[in-house]
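> Sequence first, predicted model second:
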Amino acid sequence: MGRKIANIQLSEEYEGVLRKEQRSFMTGNEVVAWAALAAKADFMYGYPITPQNEIMHYWARLAPHFGRGFLQTEDEMSAGFAMLGGALVGKKTFSATAGPGNVLMQEPISMAEMMRIPGVWIIQQRGGPSTATVIYSQQELRLTTTGGNGEGLRIVYSTASHQELFEYTIKAFNTAWQYRFPTFVLGDGYQAKMREAVTLFRPEARGWRLIPAEPILRPPGVPARDRDPVHLRNTFNIEEELYDRLVDQLAAYDRMTAEVIEWEAEVSPETELLLVAHGIVARAAKQAQENLNRQGKKVGYFRPITVRPFPGSALRQAVAANPNLRLLVVESAHGQLLALVKAELYGFTNPLDSLLRPGVGITAEEIEEAVTQHGQKEAVS
Amino acid sequence: MPENKRWKIIIAGEGGQGVQSIGELLAEAAFRSGKQALYIPNFGVEQRGGVSVAYVQIADGAIGAPKFQKADLLAVLSKRAAERTKGYLRPGSIYLYDQSALQALAIDDRSIGIQGYETVAPEGFAQMVGAETESPLEPPAKDQVRALGIPAAQVAKGELTTRVFNIIVLGAIVRLIQDLSLPQVEAAIEQKFREKFRSNPELRALNLQALTKGLAMVPVPTA
């Protein structure tokens, strides 16, 4: 299956691009393809779906010039399982999908969770449920963080700019191969299709160490003589076997959490209202915060970058500083981020409101208006 | 530039009029001119007809959300697009419109998404724009906006080719924005249409003429 990865002579045109840092103006999908290249990804398996298609297109165009591979499979389930096969033999594999494709991808992702097989998925969220729109939403937060029939043992980075798409895609490969949990870059149709400036670079040139992929299934050496045999299990005979396994996995996930969580926060003891948003909506929230601050309003800002694991300790710390602090959760979904925030703030009594716009974009002006009309509608718990 | 050194621009027209190309070229030229720039199309099944809207922001500082509620400059290229985007106007918005008495060919919204044989591919669509005459587009009241009508479709059809209609509009927008570098606008055009220019060098000259004509359609603002 797949085509042979030949050592093709690199063309000057392509090789020149990442030789030194380059400021470019492009779509987010192009950025992701360049990032995967920079991260030394070996192979992409995918199936077309808007709005991520151009990731496949650009990767398929770039890959042969760098001795990398691409295979279009018959659907997303197949693409996901093919990724796992690639990772087992020591290749850095990735895929990109959206919406209904993300739903289908959950089965191989669950298997990756169970067997601790690394992989990187780029999700460009579109409207849901089902086919809905090909355009934009933040409605795949719940699916991407905790989809599948397991415990959501994944790492999910929610990006807000092309620079972040580039850097977190590179980082996602490192995270996945270091911790061996499925790792995601959660973008959206806006980030996929919009054009803005980005600085492309070779990670090594900035001192970033790229974690190499090693064969998992057949590492070097003779089993039992040179090394332990590899025994990857996806099926368990009795409940306790599974339970013991999951206890270990959950402990590994917990140990990792402090090392991977990332967030942005601008909050002080004087802050009266805290805007909470992730992804592209966080840009609108930041813009609104700055405008409101200029008007003399004491507005802060909290943005989880890892939406799984969630930087709950940082959020609680921000809120604990001021018992009267009000929160306004803003998202292009009907309460998916809100549910995470409420779970993290259990026990707090701060007033909490939300601006929920499932399937549509949110502008800074709309957030400013919501702040101006802000009422104390409900408490956290 | 307005006081806050930030332009929020909407370009709206019929699918096939080259609206998205204007947005893309404008943002690319701004980036090349050393500005912060962000362009986002509305996209979806309206690629073969319907009203097409491009959002462009140009600023000296960081740009926030990709979309916005009110535009500093609204360029409308068809009656239906004018109707669809009037909510983006605020007092003082610049309203650039095509005042030609030529009909922009429109595809019925209800047929969009059907992908039937009756829908015209975008490349064929451009040739058909401006085929019929109709009453020209009327701007909103003068006390609401700063309206500026240009004969883009008429000049494209009469003096150049309908295919470069959008580049005339681009020229007008560039002049209104003022501080974009003209060589960078030309470089953006060259980059986007490199392949087309290679197979048909005549197109390069037509595009540059269209740009020049568009620039000349806007009175040079007094300082």
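On my side now, so go ahead.

> From here on, just use CA atoms for contacts and neighbour counts.
Noted.

> what about A:Glu241, neighbour count?
Residues near A:Glu241, counting by other C-alpha atoms under 10 Å in any protein chain shown, number 11.

> Okay, and it sits in which element?
If you go by DSSP states H and E, A:Glu241 is part of helix A:239-260.

> residues in contact with that helix?
By C-alpha atoms under 8 Å, 6 or more residues apart in numbering or on different chains, the residues outside helix A:239-260 that reach it are A:153, A:179, A:236, A:306, A:309.

> swap the cut-off to 7 Å and go again
For helix A:239-260, the external contacting residues (C-alpha atoms under 7 Å, 6 or more residues apart in numbering or on different chains) are A:153, A:236, A:309.

> which element follows that helix toward the C-terminus?
Past helix A:239-260, the next helix or strand by DSSP H and E is strand A:263-266.

> List the buried residues for that following strand?
A:263, A:265 (16 or more other C-alpha atoms under 10 Å in any protein chain shown).

> Give the rounded mean pLDDT of it.
Here strand A:263-266 scores 97 as its mean pLDDT.

> Let me know the pLDDT of A:Tyr14.
Note for A:Tyr14: predicted pLDDT of 55.

> right, I mislabeled it, should have said B:Ala126
On the pLDDT scale, B:Ala126 gets 47.

> Same check on A:Pro323?
86.

> how about the strands in chain B?
Secondary structure of chain B (DSSP state E): strands located at B:6-14, B:36-41, B:51-59, B:73-76, B:94-98, B:146-150.

> List the contacts of the fourth one.
By C-alpha under 7 Å, 6+ apart, the surrounding residues in contact with strand B:73-76 are B:8-13, B:82, B:93-98.

> Quick check: A:Gly359 touching A:Ser137?
Yes - A:Gly359 lies in contact with A:Ser137 (C-alpha atoms under 7 Å); the separation is 4.3 Å.

> tell me, what's touching those two both at once?
With the criterion set as C-alpha under 7 Å, 6+ apart, the overlap between the contacts of A:Gly359 and A:Ser137 is A:127, A:332-333.

> Show only the entries of those found in helices.
Judged by DSSP state H, these include no members of helices.

> can you tell me which of those residues lies nearest to chain B?
A:Gly127 (11.1 Å; C-alpha to the nearest C-alpha).

> That closest one contacts A:Tyr136, doesn't it?
Yes - between A:Gly127 and A:Tyr136 there is a contact under C-alpha under 7 Å: 5.4 Å.

> Contact partners for A:Leu18?
A:Leu18 touches A:200-202, counting by C-alpha under 7 Å, 6+ apart.

> between those, which is closest to chain B?
Once C-alpha to the nearest C-alpha is applied, the member of the contacts of A:Leu18 that ends up nearest chain B is A:Leu200, at 15.3 Å.

> The closest one and A:Val120, how far apart?
Distance, A:Leu200 to A:Val120, using C-alpha to C-alpha, to the nearest Å: 19 Å.

> and the two? which has more neighbours close in?
A:Val120 (32 against 22).

> Just the pLDDT at the more buried one, thanks.
98.

> residues in contact with it?
A:93-95, A:172-173, A:176, A:182-184.

> host element of A:Leu352?
strand A:351-356.

> What part of chain B, helix or strand, is modelled with the least confidence?
helix B:122-128 (a mean of 48; mean pLDDT, DSSP states H and E).

> thinking again about what came up before, same list (the contacts of strand B:73-76) but as CSV, adding distance to chain A, pLDDT and neighbour count.
Listed next are the contacts of strand B:73-76 as CSV, based on distance: C-alpha to the nearest C-alpha, whole Å; pLDDT from 0 to 100; neighbours: other C-alpha atoms under 10 Å in any protein chain shown:
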residue, distance to chain A, pLDDT, neighbour count
B:Lys8, 13, 97, 19
B:Ile9, 15, 98, 27
B:Ile10, 14, 97, 27
B:Ile11, 15, 97, 30
B:Ala12, 17, 95, 29
B:Gly13, 19, 92, 27
B:Ala82, 21, 92, 23
B:Ser93, 17, 95, 19
B:Ile94, 20, 95, 20
B:Tyr95, 21, 95, 24
B:Leu96, 24, 96, 24
B:Tyr97, 25, 94, 26
B:Asp98, 26, 93, 23
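
> Just flag the most distant two among these.
Comparing every pair within the contacts of strand B:73-76 by C-alpha to C-alpha identifies B:Lys8 and B:Asp98 as the most remote, at 19.5 Å.

> burial measure for the closest residue to chain B within the stretch 201-350 of chain A, as a count.
Residue of the stretch 201-350 of chain A nearest chain B, by C-alpha to the nearest C-alpha: A:Ala284 (4.5 Å). When counting by other C-alpha under 10 Å, one arrives at 29 neighbours for A:Ala284.

> and what of A:Thr235?
So A:Thr235, with other C-alpha under 10 Å, has 10 neighbours.

> Please report the distance of it from A:Glu241.
For A:Thr235, the distance to A:Glu241 - C-alpha to C-alpha - is 10 Å.

> go on, B:Gly149?
Look at B:Gly149 and A:Glu241: by C-alpha to C-alpha, they are 76 Å apart.

> Equivalent analysis for A:Ile280, please.
When A:Ile280 is compared with A:Glu241 (using C-alpha to C-alpha), they lie 42 Å apart.

> Spatially, what comes nearest to A:Glu204 if we skip its sequence neighbours?
A:Leu210 (7.4 Å; C-alpha to C-alpha, 6 or more residues apart in numbering or on different chains).

> any weak-confidence spans in chain B?
Where chain B drops to pLDDT under 70, the residues are B:1-4, B:44-49, B:101-133, B:142, B:221-223.

> ok, the contacts of strand B:73-76 vs B:Ala172, which is closest?
B:Leu96 (8.4 Å).

> Verify the contact between the closest one and B:Ala152 for me.
No - between B:Leu96 and B:Ala152 there is no contact under C-alpha under 7 Å: 10.7 Å.

> burial of the closest residue to B:Ser21 other than its chain neighbours, as a residue count?
Distance criterion C-alpha to C-alpha, 6+ apart; nearest residue to B:Ser21, sequence neighbours excluded, is B:Asn166 at 7.7 Å. Look at B:Asn166: counted by other C-alpha under 10 Å, it has 27 neighbours.

> B:Asn166 against B:Gln20, yeah?
No - contact criterion C-alpha under 7 Å: B:Asn166 and B:Gln20 do not qualify, at 9.3 Å.

> Would you map the helices across chain B?
Counting by DSSP H, the helices of chain B are B:19-32, B:79-85, B:122-128, B:152-159, B:165-177, B:182-192, B:194-199, B:202-216.

> tell me the angle the last one makes with helix B:165-177.
Between the axes of helix B:202-216 and helix B:165-177, defined by axes from the mean of the first three to the mean of the last three C-alpha atoms, to 10 degrees, the angle is 40 degrees.

> What are the buried residues along helix B:202-216?
For helix B:202-216, by 16+ other C-alpha under 10 Å, it's B:203-204, B:206-215.
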